[in-house]
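Asker: Compute the structure for the input listed below.
(2 chains)
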Amino acid sequence: MPLKRLVTLMFILVGCGPGSTKEKGLALHAPEPRETIESGALSIPVYDFDGLEPLLHLEDGDTYIVNFWATWCAPCVKELPYMEQIQSDYKDRGLQVLLVSLDMPRMWDSHLVPFVKERNLKSHVVVLDDPSQNTWIPLVDQDWSGAIPATLIYNREKRMFFEEAFSYERLNEVLSNFNL
Amino acid sequence: MMNTRIISLSLFLVVLFTAFSLNREVALEGYGIGDYAADFSLKNIDGKMVSLADYKEARGFLVIFTCNTCPYAVAYEDRIIALDKKYRDQGVPVIAINPNNPSVQPGDSFAKMQQRAKAKGFPFPYLLDEGQKVYPRYGATRTPHVFLLEKTGRGNLVRYIGTIDDNYQDAGAVKTRYVEDAVDAMLGGVQIPVETTRAIGCSIKV
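Answerer: You can find the predicted model right below:
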């Protein structure tokens, strides 16, 4: 029965997908980085888009805030404390924050590392370094023009994208859509 | 008789309302390919007002929303200068516009624009979008953001919207020159291969 075989095959494929994993947490899911920025105890993984993409589609039941930012982006820096705050407020309710830095390579040691250290950022910080932006921007969200700050919020059931700078209140309001 | 009047009035209102809604939508979303771009009159760093209509001989324009302070804009400065040098003589000059509000982003003040233009030797006009009125009409969302316009009998037709090329970091590693491909196709009268592209950029500061 070709149909039966197809259905079986689909089950196998789905079973092997990311949805089957029982582990939780960005660190556990983290794909192998292209390189790593090391400075003392701090270690920041660097991905191209293919490397980062699995972190935009985790299906472990948690809700993920993926914030695209850079140290040189003033409105991004302004909203970072709200991202940190919300992470801490909701940490027992299955919310995780991933801060995707778009700092350019020459800024990693001079700007990014000191920034992450000084702010003592608790959220998971990674670098996305992939010049083929016209290819990957629409894969994050079809409506994203490419301006930052930009934030993707998703879980197994829902996915929302925001090309805007958040206030803490607005972030809270948006999260009310996610059954936390 | 009365009924006819009421129906006519209602119809008129419906049409008026629809027209209003459509206009509003266009204003919010900015231009798409095939729209006609409005002209403007903005102050250049030399103090003179500049409009597209001033360029009687132009065949089109590269209207580029850019600024002093965005690292992506800075990374593209030399390439914007090169675009102007290449295409001005072919009738498609660069018109650079700083859309940022200097009271929010002091590094993009008029005086700072003058300094930057002098230091880099900008060969093109560098205009300040005073009151931030022009960029929303175009639908620019970030810097740098390029709009290629073709001058036609009916107005300035939007032909390409997006980024300059496919590698902001390294001009030497660029594979596709979106803007050059678009201008060449426009001037050659053939189909523009890629009409819209996206790139990371700094949000416009208002």
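Asker: Name the residues of stretch A:156-163 that are buried.
Answerer: Residues of stretch A:156-163 classed as buried under the neighbour-count rule (16 or more other CB atoms under 10 Å in any protein chain shown) are A:Phe161, A:Phe162, A:Glu163. The way it works is simple: take the backbone N, C-alpha and C, and place the C-beta from them, glycine included.
Asker: Out of those, which comes closest to B:Val94?
Answerer: Each of these was scored against B:Val94 by CB to CB, and A:Glu163 proved nearest at 26.6 Å.
Asker: Next one, pLDDT for the residue lying closest to the closest one once chain neighbours are set aside please.
Answerer: Excluding the flanking residues, the one nearest A:Glu163 by CB to CB, 6 or more residues apart in numbering or on different chains is A:Ala150, at 4.9 Å. According to the predicted model, the pLDDT of A:Ala150 comes to 97.
Asker: residue contacts, A:Ala150?
Answerer: By CB atoms under 8 Å, 6 or more residues apart in numbering or on different chains, the contact set of A:Ala150 is A:Asn67, A:Phe68, A:Val140, A:Asp141, A:Trp144, A:Phe161, A:Phe162, A:Glu163, A:Glu164.
Asker: any weak-confidence spans in the chain?
Answerer: You didn't pick a chain, so chain A it is. Low-confidence segments of chain A, defined by pLDDT under 70, span residues A:1-25, A:27.
Asker: Wait, chain B was what I had in mind.
Answerer: Judged by pLDDT under 70, chain B has its weakly predicted residues at B:1-28.
Asker: re earlier: for the residue nearest to A:Glu163, give me phi and psi.
Answerer: As for A:Ala150, its main-chain torsions (degrees, to the nearest 10) stand at phi -150, psi 140.
Asker: Repeat that for B:Ile95.
Answerer: Backbone torsions for B:Ile95, taken as degrees, to the nearest 10, come to phi -120, psi 110.
Asker: got it, and B:Ile97?
Answerer: phi -130, psi 130.
Asker: Can you tell me which residues in chain B are near chain A?
Answerer: Residues of chain B lying close to chain A by CB under 8 Å from any CB of the partner chain are B:70-71, B:75, B:105, B:141-142, B:162-163, B:166-170, B:173, B:178, B:197-205.
Asker: Please identify the buried residues of stretch A:78-95?
Answerer: Neighbour count says stretch A:78-95 has A:Glu79, A:Leu80, A:Tyr82, A:Met83, A:Glu84, A:Ile86, A:Gln87, A:Tyr90, A:Gly94, A:Leu95 buried, by 16+ other CB under 10 Å.
Asker: Up against chain B, what does chain A have?
Answerer: If contacts are counted using CB under 8 Å from any CB, the residues of chain A sitting beside chain B are A:68, A:70, A:72-75, A:102, A:104-105, A:107, A:131-134, A:137-138, A:144-149, A:163, A:165.
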